[in-house]
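Undergrad: Provide a 3D model corresponding to the input given below.
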Amino acid sequence: MFPLKCKAILKTINNDILEIGHATYSSQNKSIDFIAPFVPILQMDTEVKVICSENDITTHIFTGKVYLSSEKLLRVVSLNCVFIKGAEKLLAAHSPFEAQVLLPAFKHKLIFNKLMYKWHTCNIRAISIRGLAIECPEILSDFEEKITVRISEPVFSKPTEIHLHTGQKGLMFGNHTKYKYKLGKLSKRAETELLNFIRQFNLSLLGNIDIIDEKTIY
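TA: All right, here's what the predicted structure looks like:
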């Protein structure tokens with residue numbers, strides 16, 4: 001997962017492929033490290049490209065100069081980055097925020113139980129256009145496959161209910177459980193706002209390096 005580790009292709013500035021491997025990005029050092037079993041030795045200040053991808057689709061293209069070169073690692077600095085249009089559809093925002101989840105609760109009345117629903121505070125640990133990871137009170141097993149969450153800021157401009165389905169079994173963390181769910185169908189407004197949130201989050205991971213227009217690489 002970018003920036004911790006992603007699939008990457010190392011190319012010359014003229015787009016000749018040098019090696020296929022993985023890359024990690026450091027916003028603090030404004031550098032990207034390319035790692036592969038056999039990394040070509042390049043002279044310092046050689047200009048190169050590092051093409052980062054998710055699910056074999058390009059998300060970022062870095063250009064810069066070689067700062068460190070060995071058989072196992074190539075460090076590139078003086079970076080420019082192109083954040084490819086549509087990359088937000090492939091990436092996630094690992095930016096925790098509070099939301100609400102609608103969970104069933106049984107209300108006891110003499111000799112029968114009445115199923116009620118109540119909103120509980122939860123934490124969204126990560127979100128993408130495909131799904132999310134949610135940390136919340138334990139969900140009854142009969143209701144694990146389909147739940148509803150209500151999310152507002154920082155993702156949506158107004159409270160928005162999202163239906164989630166086909167979750168993975170929960171993993172316990174203290175008094176809460178972490179679940180992974182797929183997102184149901186979103187309205188056009190919600191989809192646009194979610195994609196913008198994911199894009200802005202991933203741009204923020206790049207720090208203050210220069211972001212250049214995608215048109216410049218063609």
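Undergrad: now Glu38: how far from Lys185?
TA: One thing to correct before we go on: residue 38 is Phe, not Glu. Distance of Phe38 to Lys185, given as C-beta to C-beta, to the nearest Å: 46 Å. (Each C-beta comes from the backbone N, C-alpha and C, glycine too.)
Undergrad: go on, Thr12?
TA: For Thr12, the distance to Lys185 - C-beta to C-beta - is 44 Å.
Undergrad: likewise for Asp213?
TA: Look at Asp213 and Lys185: by C-beta to C-beta, they are 33 Å apart.
Undergrad: re earlier: for Thr12 and Lys185, indicate the residue with more neighbours.
TA: For Thr12 versus Lys185, the count of surrounding residues by other C-beta atoms under 10 Å is larger for Thr12: 14 against 8.
Undergrad: which strand residues bridge the more buried one?
TA: Val48 (DSSP bridges).
Undergrad: same deal with Ser26?
TA: Ser31.
Undergrad: ok, it touching Leu4?
TA: No: taking contacts as C-beta atoms under 8 Å, Ser26 lies outside contact range of Leu4: 10.3 Å.
Undergrad: these two: which is more packed in?
TA: Ser26 (13 against 10).
Undergrad: spit out the contact partners of that one.
TA: Pro3, Ile32, Asp33 (C-beta atoms under 8 Å, 6 or more residues apart in numbering).
Undergrad: burial measure for the last one, as a count.
TA: Neighbouring residues of Asp33 were enumerated by other C-beta under 10 Å; the total is 20.
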